[in-house]
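S.K.: after the sequence you'll find the predicted model.
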Amino acid sequence: NDANVVMSGAAAYLSDEAVATMFAPPGPNVVAGQMQPAGRGCNVAGGMTVSGSYQWGSGISHARWVLAGAVMTGADGTVQPGFRVVVVPRDHVEVRDNWYVMGVSGSGSYDYALDEVFVPDGWWFDYQAPVPRRGGGRFTSPIPAQIGSAHLGFALGLGERALGEIAALAAQRRRTN
């Protein structure tokens, strides 16, 4: 599921200290959120600060950790190329109770925000050039390919259902000349 992909992805690229902290008891050892660079980060001594608003943090109400993407800005406000992905404790994040969607309300995909959250070095990675520290060859693949595999089951199931519905409709139709 998505939570496992996010957790393993974060663990593959973060420092040994970050991973030891993330997997320390008590659980749950769940990471929610998204890598989209909806936030802004600024380098500070020992790490960075991040602010931003994010949508669809699926599973965030059950998570202990939250993932967020941030475009980096210089001291003068200029945007630097690329972006970073950070992991922060959920209690450092404002979870917005705004997910009331028929049919998928069980996903718990609440929006969330970070406001000048300090992220220590070792708790972030470069999205475009992540360096795997553990986890094997899977994590040398581009991140979009890793994320895509987690969503493949949904897409295949949706396609299978659509074809079944079309076949059922076609069997009921009569041809008229």
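M.R.: That came through, no problem. Numbering: from 1, shown residues only.
S.K.: who are the contact partners of Gln55?
M.R.: Contacts here follow CB atoms under 8 Å, 6 or more residues apart in numbering; on that basis Gln55 touches 34, 38, 109, 111. All C-beta spots, glycine's among them, are computed from the backbone N, C-alpha and C.
S.K.: which residue ranges of the chain form helices?
M.R.: Taking DSSP state H to define them, one finds helices in the chain at 2-13, 16-22, 143-172.
S.K.: turn those into CSV, including mean pLDDT and mean neighbour count.
M.R.: CSV is the format used below for the helices of the chain (pLDDT from 0 to 100; neighbours: other CB atoms under 10 Å):
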stretch, mean pLDDT, mean neighbour count
helix 2-13, 68, 20
helix 16-22, 92, 15
helix 143-172, 82, 11
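S.K.: now those helices as JSON lines including distance to Gln128?
M.R.: Formatted as JSON lines, the helices of the chain follow (distance: least, CB to CB, whole Å):
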{"stretch": "helix 2-13", "distance to Gln128": "12"}
{"stretch": "helix 16-22", "distance to Gln128": "20"}
{"stretch": "helix 143-172", "distance to Gln128": "9"}
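S.K.: nearest to Val66, of those?
M.R.: helix 2-13 (9.7 Å; CB to CB).
S.K.: if we can go back for a sec, of all the helices of the chain, which one comes closest to His92?
M.R.: Short answer: helix 16-22, nearest of these by CB to CB, at 13.3 Å.
S.K.: got the phi/psi numbers for the residue most central in space within the chain?
M.R.: Closest residue to the average C-alpha location of the chain: Gln34 at 2.6 Å, with CA atoms, centre = their mean. Backbone torsions for Gln34, taken as degrees, to the nearest 10, come to phi -150, psi 160.
S.K.: can you pull up the bridge partners for the residue lying closest to it once chain neighbours are set aside?
M.R.: Nearest non-adjacent residue to Gln34, counting by CB to CB, 6 or more residues apart in numbering: Tyr54, 5.9 Å away. Judged by DSSP bridges, the bridge partners of Tyr54 are Tyr112.
S.K.: which residues does Tyr54 contact?
M.R.: Applying CB under 8 Å, 6+ apart to Tyr54 gives the contacts 33-34, 36, 38-39, 68, 111-114.
S.K.: in a markdown table: those, plus pLDDT and distance to His151.
M.R.: A markdown table is the format used below for the contacts of Tyr54 (pLDDT from 0 to 100; distance: CB to CB, whole Å):
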| residue | pLDDT | distance to His151 |
| --- | --- | --- |
| Gly33 | 87 | 15 |
| Gln34 | 85 | 12 |
| Gln36 | 87 | 14 |
| Ala38 | 92 | 19 |
| Gly39 | 94 | 23 |
| Ala68 | 94 | 19 |
| Asp111 | 91 | 20 |
| Tyr112 | 95 | 20 |
| Ala113 | 96 | 24 |
| Leu114 | 97 | 25 |
